[in-house]
Every structure is written in C-alpha cells, then in structure tokens.
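> Give me a model of this one.
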Amino acid sequence: MDSLRRLPAGAAYTEKSGQATVSLSYEDGNVVASARCDSLERLVFELSEQLYGKTEQAGQREEQKTAPAATLWQRFKGYLSGILTGIILTIIIQIIYKLWQKRKKRQDQSV
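Residues are numbered from 1 along each chain as shown. Predicted structure coming up:
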C-alpha cells in the first residue's frame, strides 16, 4: 500500500504473468485494480462472432419463411375453383335429393 501511495499521479504498477495482466494504481485515496486475460478476451471475441452469425442466420430464416404474394392469376384460379366446387356439389346434392324423393314416393305407393 505504501509503495502504491508513493507512485506519482497517473502512474500504475503492472504485472504480467503468461496471458494475465494486473494493474494497480492509487487515485484519490482509493486503490484501483484492473485485470485482463488475453485468452478470455479472445474467447469473448469468438463467442460474440458466433452469436452474431447465429442472429444473422435466424434473420435469414425468418425472411425465407414469408410466403411470396399470390399473383392475380393465382387468386383468380383459387376463387374459380371454389365456385366450381360449390356448383358441382350443389348439382350432386340435388340429384341425390330427387332420387331420394322418387324412392320415397315408390315406397308410399307400395304401402
């Protein structure tokens, strides 16, 4: 502590061991410490790059999921097929109903 207090203003004590670095300084009656580790900084950088890549891929997937807008011809074909299906079903139901009515009349006449 005494040697830290004797340091001139703006000076710091720095020690490096392998990839780790520690700096100590004395400012306004407080001891300020900071530490760095090259391998951790590299790891954080790599993970942030991977995260950025994943968010980009997720954004591209969302863009791919949107369906293209239907053209006027495609809409027309869809509406026309619905109308034709309705007409054909109506005709089939009417034919079945008439056959049922004829069968019912025959049963009533035979009884």
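> Residue 7 contacts residue 25, correct?
Yes: contact status for residue 7 versus residue 25: in contact at 6.9 Å, counting by Cβ atoms under 8 Å. Backbone N, C-alpha and C define where each C-beta goes, glycine included.
> Which stretches in this protein count as strands?
Secondary structure of the chain, counting by DSSP state E: strands at 13-17, 20-27, 30-37.
> So what are the sheet partners of the shortest one and their directions?
Here strand 13-17 has these sheet partners by DSSP bridges: strand 20-27 (antiparallel).
> State the mean pLDDT of the strand it pairs with.
Averaged over strand 20-27, pLDDT sits at 82.
> Please tell me how far the helix ranked longest in the chain is from the chain's geometric centre.
Taking DSSP state H as the criterion, the chain has its longest helix at helix 72-110. How far helix 72-110 lies from its chain's middle: 47 Å, per Cα atoms, centre = their mean, to the nearest Å.
> Could you check that helix and say which residues are buried?
For helix 72-110, a neighbour-count test (16 or more other Cβ atoms under 10 Å) marks nothing as buried.
> Does anything pack onto that helix? Which helices or strands?
Using 3 or more Cβ pairs under 8 Å, 6 or more residues apart in numbering; DSSP states H and E as the contact test, no helix or strand touches helix 72-110.
> pull the CA atoms of stretch 83-93 into PDB?
Output in PDB follows, covering the C-alpha atoms of stretch 83-93 (Å, rounded to 0.1, in the frame of the first residue of the first chain):
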ATOM      1  CA  ILE A  83     -67.100 -21.500 -57.100                       C
ATOM      2  CA  LEU A  84     -66.900 -24.600 -59.400                       C
ATOM      3  CA  THR A  85     -66.600 -26.900 -56.500                       C
ATOM      4  CA  GLY A  86     -69.700 -25.300 -54.900                       C
ATOM      5  CA  ILE A  87     -71.700 -25.600 -58.200                       C
ATOM      6  CA  ILE A  88     -70.800 -29.300 -58.600                       C
ATOM      7  CA  LEU A  89     -71.600 -30.100 -55.000                       C
ATOM      8  CA  THR A  90     -75.000 -28.400 -55.400                       C
ATOM      9  CA  ILE A  91     -75.800 -30.400 -58.500                       C
ATOM     10  CA  ILE A  92     -74.800 -33.700 -56.900                       C
ATOM     11  CA  ILE A  93     -76.900 -32.900 -53.800                       C
END
